[in-house]
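Novice: Mind looking at a prediction? Sequence and model below.
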2 protein chains.
Amino acid sequence: MLTDRQLFILQIIIDDFIRSAQPVGSNNLAKKEDVSYSPATIRNEMANLEEMGFLEKTHTSSGRIPSEKGYRYYVDHLLAPGSLARSEQTVIHSIFTDRQNGLEKAVQNVATILSELTSYTSIVLGPKFNDHKVKKLQIIPIDRETAVAIIVTDTGHVENRLFSLPERIEAADIEKMVNILNDRLAGVPLLELHGKLYKETAELMKRHLQNYETVLKMFAEAAIGPTTGKLFIGGKTNILNQPEFRDVEKVRLVMNMMEKESDIYELVRPTKAGVRVKIGTENAEQAMEDCSLITASYSVGDEPVGTIAILGPKRMEYSRVITLVDFLSHDMTNVLTRLYNTSS
Amino acid sequence: MLTDRQLFILQIIIDDFIRSAQPVGSNNLAKKEDVSYSPATIRNEMANLEEMGFLEKTHTSSGRIPSEKGYRYYVDHLLAPGSLARSEQTVIHSIFTDRQNGLEKAVQNVATILSELTSYTSIVLGPKFNDHKVKKLQIIPIDRETAVAIIVTDTGHVENRLFSLPERIEAADIEKMVNILNDRLAGVPLLELHGKLYKETAELMKRHLQNYETVLKMFAEAAIGPTTGKLFIGGKTNILNQPEFRDVEKVRLVMNMMEKESDIYELVRPTKAGVRVKIGTENAEQAMEDCSLITASYSVGDEPVGTIAILGPKRMEYSRVITLVDFLSHDMTNVLTRLYNTSS
DNA sequence: ATTTAGCACTCGCATAGAAAGAGTGCTAAC
DNA sequence: GTTAGCACTCTTTCTATGCGAGTGCTAAAT
């Protein structure tokens, strides 16, 4: 339904606007090297494209800017599958080769590097540990009244929680408790720990020990912690460099949202699909109406466990960002899948 | 050197400007109920105060605004020692009574509540664990190649790190290692662990085991982690509500700084002094020239271990914030001192 | 039937001037 | 020492004006 010429012009207008942030006029467009139509022809086509809803004007006699429908079409049909510079590939790949400082630091790094590479804001939802299984449970007494409950998973993740010991409990009893717990619960996925904790051990414990409830409760609580991954945001202030956010009111809307973790979680819930692009009001959040969000989830095996995302103005370098996010999410999937499968 | 009347006028001008963010003129000032001088008199005194450097004009015929010297004098000599509403006291006090979710969450809470109470940005440097002593060291093997090193302190803090096991190591050897480590290092302050690790155990280990270096190195690294406290920042976007930050450029300066942890650490290094106020360029950071920072450290016993701070515009409600920060830092000192002393 | 040149028209933006308003400094009177 | 009065300054707001970039439409050219 769109002629080749219209596609061509639409693409050039959007490319230009993404670069310059200025409405594109027919004269300037016609001056470009690879454009061989006269301004008048272009004006006609522009009028057509506007009528079809792909372009907009900021005022009656301004140049054209892409509408959301325009961006959408651009993303869906006009995007040249970009490729990454080798240097970028190397940078990205290096993030995960060095896991010395733990997975969490590595994920943190992803956020930082993504925002630096794109000069937009990056959001990274760290892997959730649902599937990870209990390797070892421990209770370390601190003094007469307190102790630390520790859960180590088979992926090396450590979760811990301070709790008050029941009065009059013997060191031997604690040891017995720990033994029962490990006996019954080793290998249980974290997600099921909460339920199984009581079912599997309460009966047995009751027979040997008093006051076991507090202890069980602590382990239960500690197990909830990592069921959902941690959020990392990089380059929060990058939005301030965008000319369309010269206005503090707009900045506030977006910044406030970035401070609200619960909102962000909604945006980056892991899914199986590949790269997803949400343009302006396609996002549910009111605050995002001037922004676009590009997300891609990464997986362990077939199970999506986390998400990386880039938040920028609607006038975003879609091509570059999509390529980047796609590449990185696959890289993360590969590394994590290998890691998880060899260690279990 | 300042007459009573000058003090009075200076105070009223600063109070007014803090409220309104507008330059204060002689006419408006004279209209106030508790001012019994004519506009002309006030103009004369304003001129005097300006000559002495306490006031400034934004342009030749504008009203007066306080200079940094003016704010400084105001903070040092004119501040009425405010008192907190009982409701605020209760709120603050409640933060630390509920430590169920661990110290870290409690400190996080302080940041959030401080920023909500003041509508400025809060910075909280969590307590450092230098003085905390090793309670228990553990090695949990995950699979043939990897294990987790765990350090538990006598305050219930848990530090952990993933590492690669040396090849061909026996479970029995690991157990022997852990025994030696705990034997020799229990009670050692975290800060000294790095040094003592080798001195105390290397000799002994060498006698019994091969490949112990990797393991020691991991514990050494893990011990460095918590020597300096964690940073929490609350209400990062509150600065956007201040009329003097209508300009995105100014916002960017401050926001960028808030993203750089190393800069923030400099600002809130714990000290023994009570509440400290840094106004505008009194702060070393270029980015802070339009801001004031109010800090107070909290201690365990006599040792300052962390800091709470409020970052706002120079036109800050000094009285309220100083009172708040003073109260809260003492409250935290009390709670932590009690906690630390009973548990060691 | 397309494409393009030409032209009148619109709108934003920058510049300049004018008027209003808030505030000052100074002088002279109280 | 205090204050009323007044000229002056500077910002802010509004209006007018011209310029430039761009459009839409019509008619000619291809």
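Specialist: Yep, it's here.
Novice: can you pull the contacts of the closest residue to DNA strand D within the stretch 1-150 of chain A?
Specialist: Shortest the stretch 1-150 of chain A-to-DNA strand D distance, computed as CB to the nearest atom of the strand: residue-wise this is residue A:25, at 2.6 Å. For every residue, glycine as well, the C-beta is placed using N, CA and C. The contact partners of residue A:25, taken as CB atoms under 8 Å, 6 or more residues apart in numbering or on different chains, are A:62, A:63, A:64.
Novice: Try it again at 10 Å.
Specialist: By CB atoms under 10 Å, 6 or more residues apart in numbering or on different chains, the contact list for residue A:25 reads A:13, A:31, A:39, A:42, A:43, A:46, A:61, A:62, A:63, A:64.
Novice: what about the residue of the stretch 151-300 of chain A found nearest DNA strand D, distance to residue B:248?
Specialist: In the stretch 151-300 of chain A, the residue that lies nearest DNA strand D is residue A:243 (16.1 Å; CB to the nearest atom of the strand). Using CB to CB, to the nearest Å, residue A:243 is found at 10 Å from residue B:248.
Novice: Neighbour count for the two, which is higher?
Specialist: Between residue A:243 and residue B:248, counted using other CB atoms under 10 Å in any protein chain shown, the more crowded position is residue B:248 (21 against 11).
Novice: Is it correct that that one is in contact with residue A:255?
Specialist: No - using CB atoms under 10 Å, residue B:248 is not in contact with residue A:255, being 11.5 Å away.
Novice: Quick check: neighbours shared by those two?
Specialist: A:239, A:240, A:245, A:248, B:240, B:255.
Novice: ok, now how distant is the fourth one from residue B:293?
Specialist: Noted for residue A:248: a distance of 22 Å to residue B:293, by CB to CB.
Novice: Ok, the first one next?
Specialist: Counting by CB to CB, the gap between residue A:239 and residue B:293 amounts to 25 Å.
Novice: again, but for the third one
Specialist: From residue A:245 across to residue B:293, the span is 27 Å (CB to CB).
Novice: Neighbours of residue A:45, how many?
Specialist: Residues near residue A:45, counting by other CB under 10 Å: 21.
Novice: you'd agree it is up against residue A:9?
Specialist: Yes - at 5.1 Å, residue A:45 counts as touching residue A:9 under the criterion of CB under 10 Å.
Novice: Least confident secondary structure element in chain A?
Specialist: Least confident element among the helices and strands of chain A, by mean pLDDT, DSSP states H and E: helix A:213-224 (a mean of 78).
Novice: continuing past it, what's the next helix or strand?
Specialist: Using DSSP states H and E, the next helix or strand after helix A:213-224 towards the C-terminus is strand A:231-234.
Novice: Is any residue of that following strand near chain B?
Specialist: Yes - using CB under 10 Å from any CB of the partner chain, strand A:231-234 comes into contact with chain B via A:233, A:234.
Novice: Mind listing residues that contact that strand?
Specialist: A:104, A:107-118, A:120-126, A:258-259, A:261, A:264-265, A:268, A:306-311, B:259.
Novice: now with 6 Å?
Specialist: Contact with strand A:231-234 is made by A:108, A:111, A:112, A:115, A:122, A:123, A:124, A:125, A:261, A:264, as judged by CB atoms under 6 Å, 6 or more residues apart in numbering or on different chains.
Novice: Show me the subset of those residues that also lies near chain B.
Specialist: With CB under 6 Å from any CB of the partner chain as the criterion, these include none near chain B.
Novice: Counting neighbours, which of those residues comes out on top?
Specialist: residue A:124 leads the contacts of strand A:231-234 on contacts (other CB under 10 Å) with 29 neighbours.
Novice: Just want the phi and psi numbers for that one.
Specialist: phi -130, psi 120 (degrees, to the nearest 10).
Novice: so it makes contact with residue A:308?
Specialist: Yes - contact criterion CB atoms under 6 Å: residue A:124 and residue A:308 qualify, at 5.0 Å.
Novice: Can you point out the buried residues in the lengthiest helix in chain A?
Specialist: Ranked by residue count and defined by DSSP state H, the top helix of chain A is helix A:318-342. With burial defined by 16 or more other CB atoms under 10 Å in any protein chain shown, the residues of helix A:318-342 counted as buried are A:318-329, A:331-333, A:335-337, A:339-340.
Novice: one step back: so for the least confident helix or strand of chain A, what gets flagged as buried?
Specialist: For helix A:213-224, by 16+ other CB under 10 Å, it's A:215, A:216, A:218, A:219, A:220, A:221, A:222, A:223.
Novice: Residue A:76: how many residues sit nearby?
Specialist: Every residue meeting other CB under 10 Å relative to residue A:76 is counted, giving 9.
Novice: Would you map the helices across the stretch 101-250 of chain A?
Specialist: A:102-118, A:171-185, A:190-208, A:213-224, A:248-259 (DSSP state H, counting those that start in this stretch).
Novice: mean confidence score for the last one?
Specialist: To tie it back to what came earlier, the one meant is helix A:248-259. Averaging pLDDT along helix A:248-259 yields 94.
Novice: about what we covered before: how about the least confident helix or strand of chain A against chain B, any contact?
Specialist: No - using CB under 6 Å from any CB, helix A:213-224 stays clear of chain B, coming no nearer than 8.6 Å.
Novice: Check which helices and strands that helix is in contact with.
Specialist: strand A:146-153, strand A:158-164, helix A:190-208 (3 or more CB pairs under 6 Å, 6 or more residues apart in numbering or on different chains; DSSP states H and E).
Novice: Per-residue pLDDT of residue A:179, please?
Specialist: For residue A:179, pLDDT reads 91.
Novice: Next to DNA strand C in this structure, residues from the stretch 51-200 of chain A, please.
Specialist: Counting by CB under 7 Å from any atom of the strand, the stretch 51-200 of chain A comes close to DNA strand C at A:58, A:59, A:60, A:61, A:62.
Novice: Got the confidence number for the second one?
Specialist: In other words, residue A:59. pLDDT, residue A:59: 93.
Novice: can you list the residues of the stretch 51-200 of chain A next to DNA strand C in JSON lines and add neighbour count and secondary structure?
Specialist: JSON lines is the format used below for these (neighbours: other CB atoms under 10 Å in any protein chain shown; DSSP: H, G, I helix; E, B strand; the rest coil):
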{"residue": "A:58", "neighbour count": "11", "secondary structure": "coil"}
{"residue": "A:59", "neighbour count": "6", "secondary structure": "coil"}
{"residue": "A:60", "neighbour count": "5", "secondary structure": "coil"}
{"residue": "A:61", "neighbour count": "7", "secondary structure": "coil"}
{"residue": "A:62", "neighbour count": "13", "secondary structure": "coil"}
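Novice: Which of those sits closest to residue B:200?
Specialist: residue A:58 (72.5 Å; CB to CB).
Novice: Show residues contacting the least confident helix or strand of chain A.
Specialist: Here helix A:213-224 makes contact (CB under 6 Å, 6+ apart) with A:149, A:151, A:159, A:161, A:163, A:166, A:190, A:193, A:194, A:197.
Novice: Just the buried residues out of those, in PyMOL syntax.
Specialist: Entered in PyMOL, the line below selects the buried ones among these, by 16+ other CB under 10 Å:
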select buried, chain A and resi 149+151+159+161+163+190+193+194+197
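Novice: Now for the contacts of helix A:213-224: which two are most distant?
Specialist: A:166 and A:190 (25.0 Å).
Novice: and residue A:178, how many residues sit next to it?
Specialist: 18.
Novice: List the contacts of it.
Specialist: So residue A:178 contacts residue A:139 (CB under 6 Å, 6+ apart).
Novice: Now do it against residue B:182, distance only.
Specialist: For residue A:178 relative to residue B:182 (CB to CB), the value is 16 Å.
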